[in-house]
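Q: take a look and give me a structure for this.
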Amino acid sequence: MNKRTVLEILPQSVTDIFNEWQLRILALLSLSSQIALLLLGNRRKYKAEKWLRSILWLAYSPEDLIVAVFVGILSECQGNGENPSQQLQAFWMPFLLLHLGGPDTITAYSLEDNELWTRQFLQRLLQFGWAASKIFFKSWEGKLLNILAVPMFGAGLIKSVEKTWFLKSGSNYHFRKSAIIPRLSHDRPTVDGGKPVVSNTDGPTDGDDGYPTCRCPGHIYTDIVFEGISPSFPDIVLEWNRPNRPSYPDDVLVWDRPNRPSYPDTVLEWNRPNYAAFNGAPGCHCSCRPESEEREIVNIPSPPSRNKTIPDADLLEKAVQFFPKFKGLFADLVLDWTDLEQSKSFFAKISSAEAFQVVEIELGFMYDVFYSKPVAVYDEFSFLRFINLLVSISALLGFWIIDKHEFRYVDLIITWLLLVEAILREIYCIILMFSSERTENWLNKQEKTGMTRIYQAISSCRVPFLFPDKKRWSDSMGQCSLLSNSLENLHIVVWNFCCISPLLEMLSEVWNFCISMMSEMEMLSEIWNFFSSCLEFEDCSKNSTVVPEFLKILIFEQLQQKSRTASDIKKAKEFSAHKGESALENMKCFSELGWSLGEEFDENILLWHVATELCYYADLNRNSSISVENSNCKASKLVSDYMLHLLLKRPNMLPNGIGEIRFQETCDEATEFFRSGNIKDKIQACEKLFQVNTKNRQPKEKEEKNCMSVLFNACLLAQSLQLLETAMEWNCEKKWEMMSDVWIEMLSYAASQCPSNQHAEALRRGGELLTHVWLLMAHFGLTEHSQAPRTCNRVSLP
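A: Numbers count the residues shown, from 1 in each chain. Predicted structure coming up:
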C-alpha cells in the first residue's frame with residue numbers, strides 16, 4: 001500500500017491555499033512576536049505574572065525556527081516560473097533577519113541563553129549565509145526592490161551581531177572578566193618605588209620599614225598631599241596595611257593633584273603607627289592631629305548635580321559609582337575592602353528608603369546586563385540605532401516610489417507592515433535609550449541645555465500603555481500559609497475525589513501518549529512541559545503583597561546595627577551566618593528557645609512559620625487591634641509567609657534541604673487533625689492546636705522516627721513563645737519585637753546563602769526581596785564575599 005502525505009490527502013484547493021499563505025503566515029508570526037517582545041520584554045523586570053512570561057517565551061523561542069522554515073520554503077519557490085509575489089516575498093527575508101537581532105528590551109529569556117551565545121553566533125552565520133546565497137543573489141534582477149534589500153540586509157546583520165555581543169557579555173565567563181577588569185584599576189600605584197620621597201633633612205626621618213615616622217609626640221598623620229602625580233593614575237581608593245601595628249586608629253590621607261578638575265580626590269588609607277606631619281618635602285604637604293582624637297570615616301561626597309531635571313540624581317549617581325564594584329557579587333568575586341568601607345560609610349548616613357532605592361537602581365542595571373541591551377546615549381552602540389532608523393526610512397521611501405501594480409494586495413499590506421514596524425521599533429528603542437537611567441546619570445553631569453531639552457522632549461513621548469513604567473522591580477513578596485493550605489485541603493480532597501482529578505489525570509495521560517508518538521517534534525514537547533509547569537495548581541502561593549515601608553525600615557535598622565557592631569570582617573561574616581541565634585541572645589531567651597534553631601534551615605522555617613501563625617491568630621483573637629498597631633507583628637507574619645513561599649516555590653534560593661517533604665507531611669498531619677476536630681477557620685484551628693498536650697515532652701521528640709512533620713514541635717514552640725509574657729514578664733509588643741528580629745535574621749541568612757546565579761534568575765521574574773536584602777547586606781559589609789586587607793610585599797632590585 002502506497003503511503004501518502006497529509007497534503008496529498010487534503011483537497012487540491014486547500015493545498016493551494018496552504019502553499020500560497022505559508023510564507024505570509026510566517027512573516028506575520030515573526031512580526032507579531034517582535035511586537036510582543038518590544039512592548040513586553042522590559043516589563044518582566046517589575047511584573048511577576050506568569051502570563052507575561054508565557055507570552056514572552058512563546059514570542060522569543062520560535063524566532064530561529066520561523067526564519068529557518070521561511071528560508072527553506074522560499075529557496076524551493078525560487079526559479080519556479082516568474083511570479084512577482086516571489087520577488088516581494090524575497091524582499092521580506094531581510095526583515096526576518098532583522099527580527100533575529102531582536103529589540104533592545106530583551107536579548108535573553110534566561111541566563112542559559114547567554115551561555116549559548118556561541119551556538120547563536122554560528123546559527124546567525126548559517127542563516128545569513130544561506131539567505132544571501134540561496135535567495136538574495138538567486139533572485140537578483142537589478143530592480144529597485146533588490147537594491148532596497150541590500151541596506152536592510154546590512155541592518156539585520158548589525159542587529160544580529162549586536163545581540164550576540166550582548167549575549168556574550170552576559171555569559172558567566174565574560175561577565176566575570178568584565179567584573180574583574182575594573183578591579184585591576186585598584187592596583188596600587190607607586191610613587192618612586194612605592195613610598196613617598198622625602199628629601200629634606202629637617203622633616204621626619206624614615207622608620208625601620210623605610211616609611212617616615214613622626215617627630216610630633218602623640219600625633220599621627222591625617223592628611224597628605226602629593227603634587228605632580230602622573231594623570232595616568234586611575235581615580236582609585238588604596239589601602240596600605242603595615243605589619244605589626246599597635247591599636248592606633250586608622251588614618252585617612254587624601255591625595256590631590258593641582259590643576260586637575262576632571263579627577264576627583266583619591267583617598268589613601270594607611271594603617272600603621274605614629275604617622276605624623278612633615279612639611280617642606282618637595283611636592284609633599286602633610287598635617288597631623290592628636291592621637292587621642294577619634295577617627296571619623298571619610299566619605300567622598302558626590303559632585304553636586306548640575307542638571308536639576310533628573311529625579312533622584314544624587315542617589316542615581318551613587319548607584320552608578322557602586323555598580324562596577326559590587327556587580328562582582330553576581331560572579332562570586334571577593335569585594336575590595338576599601339569599596340566596602342566607602343559603601344558602609346555612605347549607607348550609614350542615609351535613610352532606609354534611600355538605601356533600598358540605591359539597591360533597586362543597581363539591580364536594575366544588573367537586569368539590563370543579563371537580559372537586555374544596556375545602551376545609553378554616550379554608548380558606542382547608540383549610533384547604530386540612528387543608522388538602522390535611516391536605513392529603514394530609506395527603504396520605506398524607496399518602496400513608496402516603485403511600481404507596485406504587479407504585486408498582490410495582501411503582500412503589499414504585509415510589506416508595509418514590515419517597513420513601518422522596522423521604523424517604529426527603532427524610534428521606540430531611541431526613546432528608551434534617551435530616557436534610560438544611564439543616560440539620565442550622564443545628563444546629570446552635563447551643562448548642555450540642548451541635550452537636556454532633547455531628553456525632556458523624548459521622555460515626554462513615553463506613553464504609559466506603550467512604554468514600560470519607571471518601576472525597577474515588582475516590590476512584592478509572595479505569601480504562603482501552611483494553615484490556609486491545610487484548611488483548603490479539607491475541601492479539595494472531596495472535590496478531587498468526585499470528578500476533577502481523575503478527569504485531569506486521564507487527559508494528561510492521553511496527551512502524554514500523543515506527545516510520545518510524535519517525539520521527533522521536540523517543540524511540542526517543550527511547549528507542553530512549559531505550560532504544564534505554568535498552569536500547575538498552586539495551593540498556597542497564589543497571593544502576594546506589596547513590601548511595606550515599615551518592613552524595609554526594620555530590615556535596614558537591623559543590618560545597620562550589625563554593621564556598626566562588626567569590628568572587623570571576621571565579625572561581619574559571623575553576623576551574616578546567624579540564623580536567629582543572635583536575636584534570641586540579645587533578648588536573653590536563647591536558653592528557652594534555642595532548641596528551635598537547629599542545623600536544618602528548612603525545618604527552622606517550618607517550625608517558626610507554624611508557631612508565628614498560631615501566636616498571630618491567638619493574639620488577634622485576644623486583641624483585635626494588634627495586627628493594626630504593631631508593625632513587628634505584621635512584619636513577622638509577612639516574612640514568615642514569604643519564607644515559606646521561598647521554601648516551596650523557590651527552593652533553589654535556600655540552602656539544600658528537604659523542606660518540600662517536611663511541608664507536605666506537616667500539611668497532611670494538620671489536615672487530618674483539623675478533619676477530626678471539625679475545624680472551619682484559622683482561629684478555631686489555632687485554638688485546637690494550642691490545646692495539644694506538650695507537657696513532659698522534650699523538643700524534637702517524635703513518635704515515629706521516619707516522620708518529617710514538625711507540627712508537634714511547632715505547637716511546643718508556640719506555647720513557649722506565649723509563656724514568655726508570663727515567665728519573663730514580657731508584654732505582647734516585646735514578644736513580637738523578638739520574633740521579628742528572628743525572622744529578619746533568618747531572611748538575612750537565607751539571602752547570604754542563596755547562590756548568586758539564583759539571585760540573577762530572580763531578576764527576570766520581577767525581582768525578589770531576598771535579592772535586595774542580599775545586596776544591601778553587602779553594602780553594609782555583611783557578606784561572605786570579603787576578605788581582610790593584607791600587607792603587600794613588593795619585589796625590588798638590590
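
Q: longest helix of this protein?
A: Secondary structure of the chain per DSSP state H: the longest helix is helix 12-40.

Q: I'd like to know which elements the helix or strand just after that helix is packed against.
A: Where DSSP states H and E defines the elements, the next helix or strand beyond helix 12-40 is helix 50-60. On a contact count with 3 or more C-beta pairs under 8 Å, 6 or more residues apart in numbering; DSSP states H and E, helix 50-60 meets helix 12-40, helix 522-534. Every C-beta, even on glycine, is put in place using the N, C-alpha and C of the backbone.

Q: give me the residues contacting helix 50-60.
A: Helix 50-60 has contacts (C-beta atoms under 8 Å, 6 or more residues apart in numbering) with 32-34, 36-37, 40-41, 43-44, 102, 106, 109, 530-531, 534, 764-765.

Q: please enumerate the strands of the stretch 651-798 of the chain.
A: Ranges of strands within the stretch 651-798 of the chain: none, based on DSSP state E, counting those that start in this stretch.

Q: hang on, I meant the chain
A: Secondary structure of the chain (DSSP state E): strands at 219-226, 238-241, 251-255, 266-271, 284-290, 476-479, 543-546.

Q: my guess is Gln87 meets Gly142, correct?
A: No: the criterion here is C-beta atoms under 8 Å, and Gln87 misses it with Gly142 at 11.8 Å.

Q: more neighbours: those two, which one.
A: A count of neighbours by other C-beta atoms under 10 Å puts Gln87 above the other of Gln87 and Gly142, at 18 against 7.

Q: so how far is Glu141 from the more buried one?
A: In this view, Gln87 and Glu141 are 7 Å apart by C-beta to C-beta, to the nearest Å.

Q: can you flag the weakest of the helices and strands packed on helix 50-60 by average pLDDT?
A: Here the lowest mean pLDDT among these goes to helix 522-534, at a mean of 47.

Q: what about Gln558, how many residues close to it?
A: Residues near Gln558, counting by other C-beta under 10 Å, number 20.

Q: and it, what is it in contact with?
A: Counted by C-beta under 8 Å, 6+ apart, Gln558 has contacts 741, 744-745, 748.

Q: where in the stretch 601-750 of the chain is pLDDT low?
A: Scanning the stretch 601-750 of the chain for pLDDT under 70 picks out the ranges 624-629, 695-706.

Q: hmm, 80 instead?
A: Applying pLDDT under 80 to the stretch 601-750 of the chain picks out residues 622-629, 676-681, 693-707.

Q: can you map out the helices along it?
A: In the stretch 601-750 of the chain, the helices defined using DSSP state H, counting those that start in this stretch lie at 601-622, 626-629, 631-649, 659-677, 682-690, 711-727, 732-753.

Q: mind putting these in TSV, mean neighbour count and distance to Trp416 included?
A: Formatted as TSV, these follow (neighbours: other C-beta atoms under 10 Å; distance: least, C-beta to C-beta, whole Å):
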stretch	mean neighbour count	distance to Trp416
helix 601-622	22	58
helix 626-629	13	59
helix 631-649	23	46
helix 659-677	18	53
helix 682-690	19	60
helix 711-727	19	66
helix 732-753	23	52
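
Q: among these, which comes closest to Leu157?
A: Nearest to Leu157, of all the helices of the stretch 601-750 of the chain, is helix 631-649, at 41.8 Å by C-beta to C-beta.

Q: mind saving the C-alpha coords of the closest one as PDB?
A: In PDB, the C-alpha atoms belonging to helix 631-649 read as follows (Å, rounded to 0.1, in the frame of the first residue of the first chain):
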ATOM      1  CA  SER A 631       4.500  46.700  63.000                       C
ATOM      2  CA  ASN A 632       6.700  44.000  64.400                       C
ATOM      3  CA  CYS A 633       3.700  41.600  64.500                       C
ATOM      4  CA  LYS A 634       2.800  42.400  60.900                       C
ATOM      5  CA  ALA A 635       6.400  42.200  59.800                       C
ATOM      6  CA  SER A 636       6.800  38.700  61.400                       C
ATOM      7  CA  LYS A 637       3.700  37.400  59.700                       C
ATOM      8  CA  LEU A 638       4.800  38.800  56.300                       C
ATOM      9  CA  VAL A 639       8.300  37.400  56.500                       C
ATOM     10  CA  SER A 640       7.000  34.100  57.800                       C
ATOM     11  CA  ASP A 641       4.700  33.600  54.900                       C
ATOM     12  CA  TYR A 642       7.400  34.900  52.500                       C
ATOM     13  CA  MET A 643      10.000  32.400  53.700                       C
ATOM     14  CA  LEU A 644       7.500  29.600  53.300                       C
ATOM     15  CA  HIS A 645       6.800  30.800  49.800                       C
ATOM     16  CA  LEU A 646      10.600  30.600  49.000                       C
ATOM     17  CA  LEU A 647      10.800  27.100  50.600                       C
ATOM     18  CA  LEU A 648       8.000  25.800  48.300                       C
ATOM     19  CA  LYS A 649       8.300  27.800  45.100                       C
END
